[in-house]
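Asks: need a structure here:
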Amino acid sequence: MDLDQLSEQLEKYWRDFKVAFIPKQKADTIYDLDPAGLKEKGIKALILDLDDTLLPKTSSDITPKLYAFIENLKSQGFTICISSNNRFPKRVEFIAKTLDLPHFSLALKPLPAPFAKALEILGSKKEETAIIGDQLFTDILGGNLFGIYTILVKPITKETFVLRQWMRDLERFFLE
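Replies: Residues are numbered from 1 along each chain as shown. All right, here's what the predicted structure looks like:
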């Protein structure tokens, strides 16, 4: 293999690598999503991230707007579950029960196991399932590698923890 071939091969690997980080869809918030548009894409089941996707990570207060949004999705026939990497199972359980949704915490996204578990809970297939989340390296990477439709929303709150700020900077780099 000569240098040009090696260079082409490395460029191809880099392109393939970057694709795993590209969401299929972006939205500012969950409220900007179009349920009819999702249905047109064949999406019937939704895996929802919790922290900074549905609620600020420091809050357990379900707003009437969030409650109405979830109820609207259910009334349109979507099956929904919450999959959270949150390490406080009681908080996740409280929010999920209030919204009347199945859930699990300590999910360990982007590993494949939480996505398989969500499909089992939802009774859905990969091609009819989407994940909606605010983190590129957990929700989107995991969803893309698992083969489901991925939707990236902007985080609800600004990151205050230095390491997480660096992760957000790295996310911006990958998205550009």
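
Asks: so where do the strands sit in this structure?
Replies: Ranges of strands in the chain, per DSSP state E, are 25-27, 45-48, 79-83, 103-104, 129-133, 149-153.

Asks: elements contacting the fourth one?
Replies: When contacts are defined as 3 or more C-beta pairs under 8 Å, 6 or more residues apart in numbering; DSSP states H and E, strand 103-104 sits against strand 79-83, helix 89-98, helix 112-122. Quick note: C-beta positions are derived from backbone N, CA and C, even for glycine.

Asks: strands paired with that strand, and their directions?
Replies: Sheet pairing of strand 103-104 (DSSP bridges) gives strand 79-83 (parallel).

Asks: now swap in the second one and tell me
Replies: Looking at strand 45-48 with DSSP bridges, its paired strands and their directions are strand 79-83 (parallel), strand 129-133 (parallel).

Asks: list the buried ones in the last one?
Replies: Translated: strand 129-133. Going by neighbour count (16 or more other C-beta atoms under 10 Å), the buried part of strand 129-133 is 129, 130, 131, 132, 133.

Asks: where are the low-confidence patches of the chain?
Replies: Low-confidence regions of the chain, defined here as pLDDT under 70, cover residues 160-162, 165, 169-170, 173-175.

Asks: residue closest to the middle of it?
Replies: Geometric centre of the chain, nearest residue: residue 133, 2.8 Å, by C-alpha atoms, centre = their mean.
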